[in-house]
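Student: fold the following, please.
(one chain, ligands or ions: 1)
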Amino acid sequence: MSAKGWPVRLTDGRVGLRPLRVRDATAWSEVRIRNEGWLAPWEGRPVTQPPSSWSDRHTGSVFAAMLRTARREARAGRSLPLAITYDGRLAGQITASNVIRGAFDSTSVGYWVDGALAGRGILPTALALLVDHCFGTIGLHRVEANIRPENTPSRRVVEKLGFRQEGLHERYLFIDGDWRDHLSYAVTSEDVPEGMLRRWHATRTAAP
Ligand SMILES: CC(C)(COP(=O)(O)OP(=O)(O)OC[C@H]1O[C@@H](n2cnc3c(N)ncnc32)[C@H](O)[C@@H]1OP(=O)(O)O)[C@@H](O)C(=O)NCCC(=O)NCCS
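Tutor: Purely as a prediction, here's the structure:
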């Protein structure tokens with residue numbers, strides 16, 4: 001049996017969210033390898049993991065292992081690991097992980113998009129779809145995003161959607177060879193009674 005709100009497919013215009021599937025393997029390896037310089041500075045990996053090349057971390061068998069873990073975590077209700085599509089093609093990933101129920105009812109999000117498609121508002125649309133699903137269908141109360149201070153594009157994504165900056169986590173994640181500080185952003189369901197996607201559309205329409 002699957003968790004509430006999983007599996008899910010969400011769409012807004014040219015942007016779609018859906019579970020990853022086995023036949024994404026080739027496209028995933030291609031886009032990830034092509035984007036090494038774009039993605040590597042922002043992605044955490046366990047400090048105990050032995051060094052390996054970027055291409056070795058993006059083989060078909062690595063994808064298969066990631067997919068198995070993603071499906072298990074999603075079925076258990078601990079995570080919503082989704083492919084982002086743009087005009088139906090794999091364009092990135094967004095994951096709501098560390099889903100904690102009970103009095104916390106919270107999750108934290110991570111994401112990336114193909115650098116060739118940056119600047120089109122794909123991520124704000126994807127994140128707004130996911131936040132509305134977390135609050136509306138799953139019944140979570142809080143969504144947080146932790147972002148390195150120097151990651152201006154990612155900070156812009158959450159700021160455009162109205163996330164609050166709540167503080168600084170020092171030496172929060174092991175990224176690119178060291179423990180990196182992260183700014184903590186969050187939104188709770190009371191902040192977006194009209195829905196985040198609706199607000200995002202209103203913001204874009206109002207922009208000069
Ligand atoms: C962060 C990221 C997901 C944003 O996705 P996106 O779909 O491009 O988001 P937007 O279109 O809203 O653009 C966000 C900001 O990126 C910057 N940006 C726009 N086009 C850009 C480009 N071609 N190259 C670099 N940055 C660009 C702008 O600052 C923009 O903010 P603005 O709307 O105020 O101008 C994307 O930059 C990315 O994948 N980065 C690498 C991985 C990463 O940082 N993940 C998040 C870790 S916390």
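Student: what strand or helix carries whichever residue of the chain sits closest to the ligand?
Tutor: Closest approach of the chain to the ligand (CB to the nearest ligand atom) occurs at Gly119, with a separation of 2.5 Å. C-beta here means a position set from N, CA and C on the backbone, and glycine is covered the same way. Under the assignment given by DSSP states H and E, Gly119 is not contained in any helix or strand.
Student: next, count neighbours for it.
Tutor: By the measure other CB atoms under 10 Å, the count of residues near Gly119 is 9.
Student: mind checking the SS state of Gly102?
Tutor: Local secondary structure at Gly102 is given as coil here, using DSSP: H, G, I helix; E, B strand; the rest coil.
Student: and the gap between it and His169?
Tutor: With distances taken as CB to CB, to the nearest Å, Gly102 is found 22 Å from His169.
Student: which ones are touching the residue of the chain closest to the ligand?
Tutor: For Gly119, no residue meets the contact criterion (CB atoms under 8 Å, 6 or more residues apart in numbering).
Student: name the residues of stretch 5-23 that come out as buried.
Tutor: Of the residues in stretch 5-23, those scored as buried under the neighbour-count criterion (16 or more other CB atoms under 10 Å) are Gly5, Trp6, Val8, Leu10, Val15, Gly16, Leu17, Arg18, Pro19, Leu20.
Student: how about the CA coordinates for it, as PDB?
Tutor: Taking Å, rounded to 0.1, in the frame of the first residue of the first chain, the C-alpha atoms of stretch 5-23 are listed here in PDB:
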ATOM      1  CA  GLY A   5      -0.700  11.600  -1.900                       C
ATOM      2  CA  TRP A   6       1.600   9.000  -3.600                       C
ATOM      3  CA  PRO A   7       2.100   8.400  -6.500                       C
ATOM      4  CA  VAL A   8       1.200  11.800  -7.900                       C
ATOM      5  CA  ARG A   9       1.200  13.600 -11.200                       C
ATOM      6  CA  LEU A  10       0.900  17.400 -11.200                       C
ATOM      7  CA  THR A  11       0.900  19.800 -14.100                       C
ATOM      8  CA  ASP A  12       0.900  23.600 -14.800                       C
ATOM      9  CA  GLY A  13       1.400  24.700 -18.300                       C
ATOM     10  CA  ARG A  14       4.600  23.300 -19.700                       C
ATOM     11  CA  VAL A  15       5.900  22.100 -16.300                       C
ATOM     12  CA  GLY A  16       5.000  18.600 -15.000                       C
ATOM     13  CA  LEU A  17       5.900  16.600 -11.900                       C
ATOM     14  CA  ARG A  18       5.700  12.800 -11.900                       C
ATOM     15  CA  PRO A  19       7.500   9.900 -10.300                       C
ATOM     16  CA  LEU A  20      10.800   8.900 -11.900                       C
ATOM     17  CA  ARG A  21      10.600   5.800 -14.000                       C
ATOM     18  CA  VAL A  22      13.000   3.100 -15.300                       C
ATOM     19  CA  ARG A  23      13.100   4.600 -18.800                       C
END
